[in-house]
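S.K.: fold the following.
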Amino acid sequence: MWSYQPLLRVTPLAGAATVYDLAAIERMTVAQWIPEPLFNAKETLRRKRRNIHYGWRLRASFAWFVEAGSAGELALVDLAFAVNRRGYRLELSMDNGVLYRDVVLEDWPPRTNIDGKNVAALYRAEFVCAEMLSEDSLPPETRQAPPGIAGWS
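M.R.: Okay, here's the model as predicted:
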C-alpha cells in the first residue's frame, strides 16, 4: 500500500507558481497513479496479430468527499478555476514535491451530490502525463506485483 502526498503546481505564462496540496483538502478518498500501455494493434497480410509498443502514459486519479460550503469545497472550486485556464502549466507530484511531472487535465466531471441532497458532494479529477514514459521511468509502485500474487513481476 502506497501513501501519496500529491502536490499540483500551477504556473501562469508570466508569473509565480502556485502549489496546491491536494492531500490537505478534506477527505481525499482516492489518489493513485494508473499506468496505461500505449500500443498500436496491427494485423499482417497473413492475418497474424501483433502489437507495436510505444511506452506508457501515467494517469492520476483523485476523488474528494466534501461537505457543501466547507473549506474543502472552496479549495476545490479555486483549484478548478486554476487548472482550466489557457496557457497555464500544470505539474503534478505524488511524492510531496520530490519529482514533478507535466500533466494535462483529462477530466473534471461536475460535482455529484450525495443522495441527491446539497449537504455533501463528491468531486473527481483526472490528470494525464503530457509525455510518454518508458517502463523504467514508471513510479516503483506501479511496477510492483499485486498483493497475494508472488509470481508476477
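
S.K.: stretch 22-31: end-to-end distance?
M.R.: 9 Å (C-alpha to C-alpha, to the nearest Å).

S.K.: if you count neighbours, what's buried in that stretch?
M.R.: 22, 25, 28, 31 (16 or more other C-beta atoms under 10 Å). C-beta coordinates here come from the backbone N, C-alpha and C atoms, glycine included.

S.K.: now the residues you listed in TSV, with distance to residue 120, pLDDT and secondary structure?
M.R.: Output for these, formatted as TSV (distance: C-beta to C-beta, whole Å; pLDDT from 0 to 100; DSSP: H, G, I helix; E, B strand; the rest coil):
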residue	distance to residue 120	pLDDT	secondary structure
22	19	91	helix
25	14	88	coil
28	14	85	strand
31	19	84	strand
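
S.K.: which two in the residues you listed are spaced the farthest apart?
M.R.: Farthest-apart pair in the buried residues of stretch 22-31 is 25 and 31; separation 10.3 Å (C-beta to C-beta).

S.K.: for stretch 109-121, what is the distance to the chain centroid?
M.R.: 22 Å (C-alpha atoms, centre = their mean, to the nearest Å).

S.K.: average pLDDT across it?
M.R.: Averaging pLDDT along stretch 109-121 yields 82.

S.K.: can you pull the alpha-carbon coordinates of it into PDB?
M.R.: Taking Å, rounded to 0.1, in the frame of the first residue of the first chain, the C-alpha atoms of stretch 109-121 are listed here in PDB:
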ATOM      1  CA  PRO A 109     -16.800  16.000 -14.000                       C
ATOM      2  CA  PRO A 110     -19.500  18.100 -12.300                       C
ATOM      3  CA  ARG A 111     -19.800  17.500  -8.600                       C
ATOM      4  CA  THR A 112     -22.100  14.700  -7.500                       C
ATOM      5  CA  ASN A 113     -24.400  15.400  -4.700                       C
ATOM      6  CA  ILE A 114     -24.600  12.500  -2.200                       C
ATOM      7  CA  ASP A 115     -28.200  11.100  -2.000                       C
ATOM      8  CA  GLY A 116     -29.400  14.000  -4.200                       C
ATOM      9  CA  LYS A 117     -29.000  16.400  -1.300                       C
ATOM     10  CA  ASN A 118     -26.900  19.600  -1.200                       C
ATOM     11  CA  VAL A 119     -25.200  18.500   2.100                       C
ATOM     12  CA  ALA A 120     -22.200  16.700   0.800                       C
ATOM     13  CA  ALA A 121     -20.600  16.200  -2.600                       C
END
